[in-house]
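J.: just coords:
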């Protein structure tokens, strides 16, 4: 019990620290949001009218003179009320609405892709390890090569081949805006969304599966040299049983630990992927917030990311404490 | 450790099933694909527009908000008169029919159009104009009073002559009194106005985070217009994607920079127009009296840089040969031809003249040192030229300038900084040289640039932030220019105004607080196969980019689907 109390206290402290850091960091960035906003408008080709300058001033220009300390307390207070403020770069949408709209897309796409990538990596890696010394060893360098290809370039290449040249997949978006005005609860829309998710998902899988494969392959090879495998073979067990029950099961332990962390980072999305594919996710919001010095949105997005990373770690910690008594005693 | 044998067996199956689902669905539902281009589907013709908006789109059609969506100004809200920034010519009457000034330019009488209704059915009257002008967020500076004397006449009185500022007032969106009287000025910035009531050819139909659709206003005042049923404004995060969508027929009208336009226009479906508008210059912190430091505070150094740079090379290597030729008078050629005073240059030198540059420096008492760089009183002519990191055209231009200046014995170090840092340097004056933009004028007259970028009123000493809306970042200050700007604003007589411009131009062409480089290209792409009636090289009836405020409404009302 003491172990759990200690862990929970640790996480509460980490959470507070993260939330505070979240408050401080954006304010250390140079520049003021009003100027950047206007500059962005004129660079994007918008004509900056005096009326616009006026409303930017009304909105941001006047420093209300509140001290850092007051700002900090009102920030903490509003977090507890679930009020994350109003986004400046997507003025005047509330941050919670923006995150609420983006989060499901990121969770569904990046989450699924991460799981697929993980499973492919585990079973593929185990199989390659099992077949060590044969042609199957060539799979590893091939996939790590894919992983080293710059992410945006891979995405652009896929778009060029499969969307522009072959026309099999859409070029942008989470759904077909030319057909559906808004997301709707229909089977056609679901299929359409799946179709839009395919290329982004393939990008994520291609560029992440190599790591899982490599780790799993090496663990499999070292597990295969364990004495209990030799014993199992000596007992004359079926190779499939040795493979699944003796090898994969033991070799996948480190990968499973890594997977929990990977799940934590799902929420931060794949920033580049969402940019290239104009995918309506959270990574997109993050770029926008950073570029626009949009403190409220930045804090909101970072808060969500922090919370999920912490939650994933917490679950892993509890899980380990549960399955491995040593962790409870030493930790 | 994992005891659930069944689950473990299920996992690979589930993975296989879900990846299969992804693949199968990818290949099956192709039927949705082709509907984009040309836009002839069940709901009528839909013109797909990208005006630079990125996702997520937030429905906001409030002309006084910073989050305003493209399509608000023009397609939904209209001005009194339209001033075409792409060509010289008289203002086009929109909601206004005619206007006149009193003797000293302080009183303005506008006749408004009859028979116009707001898209909710309420008639439009001069009262709406008076309301708009009196409305706090839209109120013009120096307005004393504005009132409607009858349903089609509005009279406004100002503190000073309005000859040069009336265009701004006429180009502003007119909003309906019966809606906006309930919105307090404090609320105005944050109100999203999702069911915008305007007089324009289009009105809001639906919105989402990826796109929004405007549908045609059946009661539009201009008979028979518009003919395109719907405009769909898209959010696209990436220029590459936008270009792909343009070539595959999913976008019909856009404006963005494409270095190699050949593949886009090759099949003749997409037409391109280049209408250079906005000057790119080197800002120099020029005024030592206001606290600028560095060699560039000496006018001789600025003149030498001006002579040493090769603008043709800069255009071809940094701007893909698409930039326009700049005039050091900041009059946009050929549009503002009549505003270039006698004897003033219509173009900045297009090639480098190293010996002339060196002569200027030598005459000013500089001596070339052993390192090939000029120096005076032990101070080398060495400066830093900053540009915003990632704005590659500017970054490349800066590198070229550094090389070209070196040949003339001037050391320029090209550096980059984040947008926020550059903004900070710009507004506080803590820079020496900076490659940056100047806003082109909305009307065929360089007055706005003279007033906003060159007068003492619009600047601050180094260390004090130049406020929003003021643009004199070079800290230039010349009483003669200030006086000429004031005099030019007070006259409606072109010849008199040109006399004042001569004074201004003489000063800025010699002093070079902003060293002109090029006029930035503005590339517009439109689907000329499925739609006709676009502006053309010969008939630039409106400024062609899809983001153009007010002009986009005029173009949308004038194009028609091709048979």
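T.: Right, received. Where do you want to start? In this text the structure is predicted, and so the values were computed from the model without any measurement.

J.: please report how far the most centrally placed residue in chain A lies from chain B.
T.: When chain A is reduced to its mean C-alpha position, the nearest residue by Cα atoms, centre = their mean turns out to be residue A:266, at 2.5 Å. As judged by Cβ to the nearest Cβ, to the nearest Å, residue A:266 and chain B stand 16 Å apart. (Each C-beta comes from the backbone N, C-alpha and C, glycine too.)

J.: can you give me phi and psi for that residue?
T.: phi -60, psi -40 (degrees, to the nearest 10).

J.: residues contacting it?
T.: By Cβ atoms under 8 Å, 6 or more residues apart in numbering or on different chains, the contact set of residue A:266 is A:106-107, A:110-111, A:114, A:308.

J.: which one of the residues you listed is nearest residue B:363?
T.: Distance ranking of those against residue B:363, using Cβ to Cβ, places residue A:106 first at 64.2 Å.

J.: that closest one: neighbour count?
T.: Here the number of neighbours of residue A:106 (other Cβ atoms under 10 Å in any protein chain shown) works out to 25.

J.: again with residue A:148
T.: For residue A:148, the neighbour count with other Cβ under 10 Å is 9.

J.: could you report the pLDDT at it?
T.: pLDDT recorded at residue A:148 is 83.

J.: do residue A:74 as well
T.: As predicted, residue A:74 sits at a pLDDT of 78.

J.: against residue A:83, how distant is it?
T.: Remark: distance between residue A:74 and residue A:83 (Cβ to Cβ, to the nearest Å) = 10 Å.

J.: flag the shaky bits of chain A, pLDDT-wise.
T.: Within chain A, the ranges that satisfy pLDDT under 70 run A:1, A:26, A:29-66, A:269, A:320, A:322-331.

J.: per-domain residue ranges of it.
T.: Domain segmentation of chain A under the TED database yields A:1-81, A:97-324.

J.: and those, which is most packed in?
T.: domain A:97-324 (a mean of 19; mean count of other Cβ atoms under 10 Å in any protein chain shown).

J.: what about it, distance to the chain center?
T.: Taking Cα atoms, centre = their mean, to the nearest Å, one finds domain A:97-324 lying 9 Å from the centre of the chain it belongs to.

J.: how close does the residue of chain B found nearest chain A get to residue A:292?
T.: In chain B, the residue that lies nearest chain A is residue B:420 (2.5 Å; Cβ to the nearest Cβ). Note on residue B:420: its distance to residue A:292, by Cβ to Cβ, is 10 Å.

J.: widest-spaced pair of the contacts of residue A:266?
T.: Among those, A:114 and A:308 lie farthest apart (Cβ to Cβ), at 12.5 Å.

J.: sorry, back to before: give me the element the residue of chain B closest to chain A is part of.
T.: Using DSSP states H and E, residue B:420 maps to helix B:419-428.

J.: and if you look at residue B:281?
T.: strand B:279-284.

J.: any idea which helix or strand comes after that strand?
T.: Counting by DSSP H and E, the next helix or strand C-terminal to strand B:279-284 is helix B:299-308.

J.: next, the angle strand B:279-284 makes with that following helix.
T.: Interaxial angle, helix B:299-308 versus strand B:279-284 (axes from the mean of the first three to the mean of the last three Cα atoms, to 10 degrees): 140 degrees.

J.: please state the offset of helix B:299-308 from the chain centre?
T.: For helix B:299-308, the distance to the chain centre is 28 Å (Cα atoms, centre = their mean).

J.: cool, and stretch B:126-134?
T.: In terms of Cα atoms, centre = their mean, the centre of stretch B:126-134 is found 27 Å from the chain centre.

J.: buried set for that stretch?
T.: B:126-134 (16 or more other Cβ atoms under 10 Å in any protein chain shown).

J.: so which residues make contact with that stretch?
T.: Stretch B:126-134 is contacted by residues B:80, B:95-96, B:110, B:112, B:138-140, B:143, B:146-154, B:156, B:169, B:172-177, B:180-181 when judged by Cβ under 8 Å, 6+ apart.

J.: of those residues, list those near chain A.
T.: Counting by Cβ under 8 Å from any Cβ of the partner chain, the subset of the contacts of stretch B:126-134 that neighbours chain A consists of B:138, B:172.

J.: which members of the contacts of stretch B:126-134 are positioned in strands?
T.: Taking DSSP state E, the ones among the contacts of stretch B:126-134 that sit in strands are B:96, B:110, B:112, B:143, B:146-150, B:153-154, B:156.

J.: state the pair within these that is farthest apart.
T.: Maximum distance among those (Cβ to Cβ): 20.1 Å, for B:143 and B:150.

J.: when those two are compared, which one has more neighbours?
T.: Neighbours were counted for residue B:143 and for residue B:150 using other Cβ under 10 Å; residue B:143 has more, 17 against 11.

J.: OK, contacts around the more buried one?
T.: So residue B:143 contacts B:133-134, B:156-158 (Cβ under 8 Å, 6+ apart).

J.: just the residues you listed now: which is nearest residue B:514?
T.: Nearest to residue B:514 among the contacts of residue B:143, with distances taken as Cβ to Cβ, is residue B:158, at 30.0 Å.

J.: number of nearby residues for that closest one?
T.: Residues within reach of residue B:158, counting by other Cβ under 10 Å, total 22.
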